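**Q** sequence and computational prediction follow.
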Amino acid sequence: MARLMGNDVAQLLATDPPYLVSYRGDNHPAEHHRKAGRVAGEGKELGNKHWDDYIDPESSVEFFAALLRVALKHCTERVPVYQWHATRRQALVEDAWKQNGLLLHQTIIWAKSRGVLTRSMYLWAHEPCFFGWRQGFMPEKDRRPPPSERTVWEIAQPDEGGRAIHPTAKALEIFERPIRYHTRPGEIVLEPFNGSGSQMIAAERLGRRCRSMELSPAFVDAALLRWEKATGRQAVLDGDGRTFAEIAKERASC
């Protein structure tokens, strides 16, 4: 994180970390690793299959608390914070927020255009997101949502451009709203879990800079391809100068 941010600070922390619900279903992470690997020219299955595994409450709280603790060190004092999470892990995420001195102001609900088939009795057609800030450091008046904005966001799920890369990809509008409300052109938004690259592309579309991280090499490669397609630009390896296309070509020839 220190290398990612350098001496810069983020004006918005909006993150979509693993939900820790041991997600499998028809969108098994291993399948998406294979797809992303082929797209990136890897031609092999990569690791990190169990990115969403749940162990126990204590480990989960520490995971969420640690990511916030590290990320907040690189944010402005009055940074707005958004964290998407699973309903069944809500209490654990709330504990992590308390440990970091964050005020849980409201819960945003993403109302999807269609339900998601699971083993639950009802189709899941929504996802929650905590919204808040450091205790005593409310965002400035000119960096808040418009008075007409509601806590329920009715936004259609992304097309296969996002979901083919990551099993839990979110629509660009999910990230564009906070970026639009809380930041100015040229400012930085921080996402410690890049995933399918939705926030990276959302920031690009709005003239902001997204600093993001991702553990899985397959997701990194696939998200960069998605970014290049959306922007018409070429990704360049930091400190190296080679383009993403050049690196993919070298890998394919090995």
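**A** Right, received. Where do you want to start?
**Q** only C-alpha atoms from now on, for both contacts and neighbour counts.
**A** Fine.
**Q** can you list contacts of stretch 100-119?
**A** Where contact means CA atoms under 8 Å, 6 or more residues apart in numbering, the residues beyond stretch 100-119 that reach it are 25, 65, 68-69, 94, 97, 123-135, 151-157, 174.
**Q** buried residues in it?
**A** Buried residues in stretch 100-119, counted by 16 or more other CA atoms under 10 Å: 102, 103, 104, 107, 108, 109, 110, 111, 112.
**Q** same thing with stretch 202-220?
**A** Buried-residue list, stretch 202-220, by 16+ other CA under 10 Å: 202-204, 207-214, 216-220.
**Q** from these, which land in helices?
**A** Among those, the members found in helices (DSSP state H) are 202, 203, 204, 217, 218, 219, 220.
**Q** need those in TSV (columns: distance to residue 1).
**A** As requested, those are exported to TSV (distance: CA to CA, whole Å):
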residue	distance to residue 1
202	21
203	19
204	20
217	17
218	20
219	18
220	16
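**Q** any weak-confidence spans in the stretch 101-250 of the chain?
**A** Low-confidence segments of the stretch 101-250 of the chain (pLDDT under 70): 159-168.
**Q** coming back round to it: out of the buried residues of stretch 100-119, the closest to residue 146 would be?
**A** residue 108 (14.4 Å; CA to CA).
**Q** the longest strand in the protein is where?
**A** Longest strand in the chain, counting residues (DSSP state E): strand 102-116.
**Q** for it, which strands pair with it and how are they oriented?
**A** Sheet pairing of strand 102-116 (DSSP bridges) gives strand 124-134 (antiparallel), strand 152-154 (parallel).
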